[in-house]
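> next input, structure requested:
(one chain, ligands or ions: 1)
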Amino acid sequence: MTPGARVAAAAAILDTIREGTPAEMALTRWARASRFAGSKDRAAVRDHVFDALRRWRSCAVLGGGESGRARMIGLLRGEGTDPATLFTGDGHAPAPLSPAEDAAGAPPQGLDALDLPDWLWPLWQDSLGEAAEACAETLRHRAPVMLRVNTARMPREAARQALADAGIVTVEAAIAPTALIVTEGARRIAQSAPFLEGLVELQDGASQASICELPDVTVEKILDFCAGGGGKALAMAARFGRAVTAHDAAPDRMKDIPARAARAGARIARADMAAVQAAAPYGLVLTDVPCSGSGAWRRAPEGKWALTAARLADLTASQDAILDRAAGLVAPQGWLAYTTCSVLDCENRDRIDAFLNRHPGWSLSRDCRWLPGPEGDGFYLSVLARH
Ligand SMILES: C[S@@+](CC[C@H](N)C(=O)[O-])C[C@H]1O[C@@H](n2cnc3c(N)ncnc32)[C@H](O)[C@@H]1O
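Here you go, the predicted structure:
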């Protein structure tokens, strides 16, 4: 596909997303219907679509309209590319700009320029203070591809070498002693020997850092209460060199854990609630709760536009309920860790303060927040100690 044809494909996909199709589904449907598109074409179209989703508001203002075509015009203008160079009408490229399109569009201002929803701004500012604008700006750009080295198997430097042998270039990240940033060859990771042999896993830097900040547990049992695909359970198994119990209210989400654990040489047993309760208490329970994802909107930008005040209220209620439930599983003198990939206080420190008000006999031991940046997403960790 020519660069212009890729832009035309992205514009059409953005229209289906506007009509309500989730981005991943819209991309998959397009790829199935476009057998002529090679892997580089698919990657380029995907990048266009996700860039436009990250900058949804500013693209519309710069492009002078809400359609996929207008947003692609806006995206190119925002990147300093004259749309006329790609909107040529040649082959499968989009038709040239009309005089009206040429004249439409303006530099975005305020929240259009920051690409945040209006209703969210007061909460955003209260939570982030002076960092509010910089944080919004960071989320307008792509996230780094990051790997966690399974240091239970190999030191970080040796893993870097093994990755380089597979054509994957990385640099060490300061955020965590396990973290690497991929600078070249990201698309080779899933088929590479270091990945297939469990030496590395894809995991954001701040998630890795949060596991490094957990208190030491030497003999006690460890439970990942919201295990999902098992990213944190695997990281805890590597950090502590111990077995981890994994639970999730949606057990299907844990279906990849056995294969991932086998690759990594980790002992992770999946457990339903009855089994979790039968094996209680635990020395450490991690609750990596469902959240707005506001710290990770670079990776999942649709979430930025789908979040509403009502949805946020539902999330905070379920965060409280999960904390209450998990607290009952923690041994005396044990730890309850709470994490979100959100930067909003209402999902972070406010939930912990509310928990401490409801539960005498607990105290706050550690409280960390990472802002989105070159080494990771926005993330929050709180560690609560049971007396
Ligand atoms: C942020 S995701 C977990 C991601 C995972 N820890 C990882 O690192 O890959 C949150 C998970 O919490 C689960 N969940 C939601 N409500 C829950 C509940 N009441 N009890 C346990 N898990 C719950 C969801 O199904 C979802 O998989």
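
> spit out the contact partners of the residue in the stretch 1-150 of the chain that the ligand sits nearest to.
Nearest residue of the stretch 1-150 of the chain to the ligand (CB to the nearest ligand atom) works out as residue 148 at 10.8 Å. C-betas here are computed from N, CA, C, even on glycine. The contact partners of residue 148, by CB atoms under 8 Å, 6 or more residues apart in numbering, come to 176, 178, 179, 180, 200, 201, 202, 203, 208, 235, 238.

> from those residues, which would you call buried?
When the contacts of residue 148 are checked for burial by 16 or more other CB atoms under 10 Å, the buried set is 176, 178, 179, 180, 200, 201, 203, 208, 235, 238.

> what's the strand ranked longest in the chain in contact with?
In the chain, taking DSSP state E as the definition, the longest strand is strand 330-340. The contact list for strand 330-340, computed with CB under 8 Å, 6+ apart, reads 207, 210, 214-215, 217, 220, 232, 281-289, 291, 295, 319, 323, 326-327, 347-348, 351-352, 355, 362, 365, 379-387.

> near the ligand, list only the ones from those.
Intersecting those with the contacts of the ligand gives 232, 288 (criterion: CB under 6 Å from any ligand atom).

> for the residue lying farthest from the centre of the chain, give me the pLDDT.
Within the chain, the residue lying farthest from the chain centre (CA atoms, centre = their mean) is residue 99, at 40.2 Å. With respect to pLDDT, residue 99 has a value of 97.

> which among the contacts of strand 330-340 count as buried?
Using 16+ other CB under 10 Å, the buried ones in the contacts of strand 330-340 are 207, 210, 214, 217, 220, 232, 281-289, 291, 295, 319, 323, 326-327, 347-348, 351-352, 355, 362, 379-386.

> list the contacts of the nearest residue to residue 376 once chain neighbours are set aside.
Spatially, and ignoring its direct neighbours in sequence, residue 376 is nearest to residue 205 (3.1 Å; CB to CB, 6 or more residues apart in numbering). By CB under 8 Å, 6+ apart, the residues touching residue 205 are 144, 146, 173, 175, 176, 179, 181, 375, 376, 377.

> for residue 205, phi and psi?
Backbone torsions of residue 205, given as degrees, to the nearest 10, read phi -60, psi -40.

> quick check: the gap between it and the ligand.
13 Å (CB to the nearest ligand atom, to the nearest Å).

> how's the chain carved up into domains?
Using automatic domain parsing, the domain parsing of the chain gives 3-115, 145-203, 206-386.

> let's have those in CSV, adding distance to residue 124.
Conversion of these to CSV gives the following (distance: least, CB to CB, whole Å):
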stretch, distance to residue 124
domain 3-115, 9
domain 145-203, 23
domain 206-386, 7
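
> how about the residues of the stretch 201-350 of the chain by the ligand?
Checking the stretch 201-350 of the chain against the ligand by CB under 6 Å from any ligand atom, the hits are 225-232, 248-250, 253, 288, 290, 322.

> what about the helices in the stretch 1-150 of the chain?
Counting by DSSP state H, counting those that start in this stretch, one finds helices in the stretch 1-150 of the chain at the ranges 3-18, 23-33, 39-54, 56-63, 68-78, 99-103, 110-114, 121-128, 132-138.

> turn the ones you listed into TSV, including distance to residue 158.
Formatted as TSV, these follow (distance: least, CB to CB, whole Å):
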stretch	distance to residue 158
helix 3-18	39
helix 23-33	35
helix 39-54	29
helix 56-63	42
helix 68-78	41
helix 99-103	54
helix 110-114	42
helix 121-128	38
helix 132-138	32
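
> and of the ones you listed, who's closest to residue 275?
Proximity to residue 275 (CB to CB) singles out helix 23-33 among the helices of the stretch 1-150 of the chain, at 32.4 Å.

> may I see the buried residues of the closest one?
Neighbour-count burial for helix 23-33 [16+ other CB under 10 Å]: 23, 26, 27, 30, 31.

> and that helix, C-alpha only, in CSV?
What follows is helix 23-33, C-alpha atoms only, in CSV (Å, rounded to 0.1, in the frame of the first residue of the first chain):
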residue,chain,number,x,y,z
ALA,A,23,-11.0,0.1,17.6
GLU,A,24,-9.5,-3.4,17.8
MET,A,25,-12.6,-4.9,16.2
ALA,A,26,-12.6,-2.2,13.5
LEU,A,27,-8.9,-2.9,12.7
THR,A,28,-9.4,-6.6,12.6
ARG,A,29,-12.4,-6.4,10.3
TRP,A,30,-10.4,-4.1,8.0
ALA,A,31,-7.4,-6.4,8.0
ARG,A,32,-9.6,-9.4,7.2
ALA,A,33,-11.2,-7.6,4.3
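
> so how far is that helix off the chain centroid?
For helix 23-33, the separation from the chain centroid amounts to 21 Å (computed by CA atoms, centre = their mean, to the nearest Å).

> just stretch 313-329 next, same as before
21 Å.

> what are the contacting residues of it?
By CB under 8 Å, 6+ apart, stretch 313-329 touches 223, 225-226, 276-277, 280-282, 285, 287, 289-292, 336, 338, 340, 346-347, 350-351, 354-355, 358-359, 362, 384, 386.

> for stretch 176-187, same thing?
Applying CB under 8 Å, 6+ apart, the contact partners of stretch 176-187 are 39, 43, 144-149, 151, 156, 159-160, 163, 166-173, 189, 200, 205, 208-209, 211-212, 235, 238, 374-376.

> which of those are buried?
With burial judged by 16+ other CB under 10 Å, the buried subset of the contacts of stretch 176-187 is 144-149, 151, 156, 159-160, 163, 166, 168, 170, 172-173, 189, 200, 205, 208-209, 211, 235, 238, 375-376.

> what about residue 100, neighbour count?
Using other CB atoms under 10 Å, residue 100 is surrounded by 9 other residues.

> re the thing from before, for the helices of the stretch 1-150 of the chain, which one sits closest to residue 301?
Comparing the helices of the stretch 1-150 of the chain by CB to CB, helix 39-54 comes nearest, at 4.0 Å.

> output that closest one as PDB - backbone C-alpha positions only.
C-alpha atoms of helix 39-54 as PDB (Å, rounded to 0.1, in the frame of the first residue of the first chain):
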ATOM      1  CA  SER A  39       2.300  -6.600   8.000                       C
ATOM      2  CA  LYS A  40       3.900  -3.200   7.500                       C
ATOM      3  CA  ASP A  41       0.700  -1.800   6.000                       C
ATOM      4  CA  ARG A  42      -1.300  -3.100   8.900                       C
ATOM      5  CA  ALA A  43       1.100  -1.700  11.500                       C
ATOM      6  CA  ALA A  44       1.100   1.800   9.700                       C
ATOM      7  CA  VAL A  45      -2.700   1.900   9.500                       C
ATOM      8  CA  ARG A  46      -2.900   0.900  13.200                       C
ATOM      9  CA  ASP A  47      -0.500   3.600  14.200                       C
ATOM     10  CA  HIS A  48      -2.500   6.200  12.300                       C
ATOM     11  CA  VAL A  49      -5.800   5.100  13.900                       C
ATOM     12  CA  PHE A  50      -4.300   5.000  17.400                       C
ATOM     13  CA  ASP A  51      -2.600   8.400  17.000                       C
ATOM     14  CA  ALA A  52      -5.900   9.900  15.900                       C
ATOM     15  CA  LEU A  53      -7.700   8.300  18.900                       C
ATOM     16  CA  ARG A  54      -5.000   9.800  21.300                       C
END
